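Undergrad: give me a 3D structure for the following:
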Amino acid sequence: MMRDPQKTIGNLIDKQKVSFIASISEEGFPNMKAMLAPRKREGIKEFWFSTNTSSMRVGQYRKNPNASIYFYDKRFFRGVMLVGTMEVLEDDESKRMIWQHGDTMYYPKGVTDPDYCVLKFTAQKGRYYANFHSESFVIE
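TA: Numbers count the residues shown, from 1 in each chain. Got it, this is the predicted structure:
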């Protein structure tokens, strides 16, 4: 059993440069994609990612918000999957909150670029794997 899931999982997440997000296709199949690490997180419950409004993933989340995210530490062969919902946010406050210097490389029109949006993931439960052992947990 993990002594402090928030701390253990938070530390794993903070050390990763890449994350994986999954959406559900119109045919009901899971679709996974590698992403940069979340721009912001609050505990292990809420995560914010930047992405293109025109992306396939955004369209899928608008139709079905069910989602999962995964973080993997290859050095120690451990990982965590979080299951929950993904919101597509296009309001100025959310966009400015996670905007970073250099983002114009992806969004040439700046923070107000219509092809820039924020994905907010809210976790409900998870599954952690380390040391040949898996453990499920609920996120309050």
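
Undergrad: report the beta-bridge partners for residue 78.
TA: Residue 78 has these beta-bridge partners by DSSP bridges: residue 73.

Undergrad: residues in contact with it?
TA: Contact partners of residue 78, counting by CB atoms under 8 Å, 6 or more residues apart in numbering, are 12, 72, 128, 129, 130, 131. Any C-beta I mention is one placed from the backbone N, CA and C, and that applies to glycine too.

Undergrad: so which elements touch the lengthiest helix in the chain?
TA: For the chain, the longest helix by residue count, based on DSSP state H, is helix 5-14. Judged by 3 or more CB pairs under 8 Å, 6 or more residues apart in numbering; DSSP states H and E, the packing partners of helix 5-14 are strand 66-73, strand 78-89, strand 116-130.

Undergrad: residue 107 is nearest to which of those?
TA: strand 116-130 (3.9 Å; CB to CB).

Undergrad: could you point out which element follows the longest helix of the chain?
TA: strand 18-24 (DSSP states H and E).

Undergrad: highest neighbour count among the contacts of residue 78?
TA: residue 128 (21 neighbours; other CB atoms under 10 Å).

Undergrad: how far away is that one from residue 80?
TA: Applying CB to CB, to the nearest Å, the value for residue 128 to residue 80 is 5 Å.

Undergrad: re earlier: what's the most distant pair in the contacts of residue 78?
TA: 72 and 131 (14.8 Å).

Undergrad: residues making contact with stretch 81-88?
TA: Applying CB under 8 Å, 6+ apart, the set of residues contacting stretch 81-88 is 21, 23, 44, 47, 53, 58, 61-62, 65-70, 117-127, 139.

Undergrad: check what pLDDT the closest residue to residue 111 other than its chain neighbours gets.
TA: Using CB to CB, 6 or more residues apart in numbering and skipping residues adjacent in sequence, the residue nearest residue 111 is residue 99, 4.8 Å away. Residue 99 is assigned a pLDDT of 98 by the prediction.

Undergrad: so how many other residues sit close to the closest residue to residue 126 other than its chain neighbours?
TA: Distances taken as CB to CB, 6+ apart put residue 82 closest to residue 126, at 4.5 Å, once the chain neighbours are dropped. Residue 82 has 25 neighbours, counted by other CB under 10 Å.
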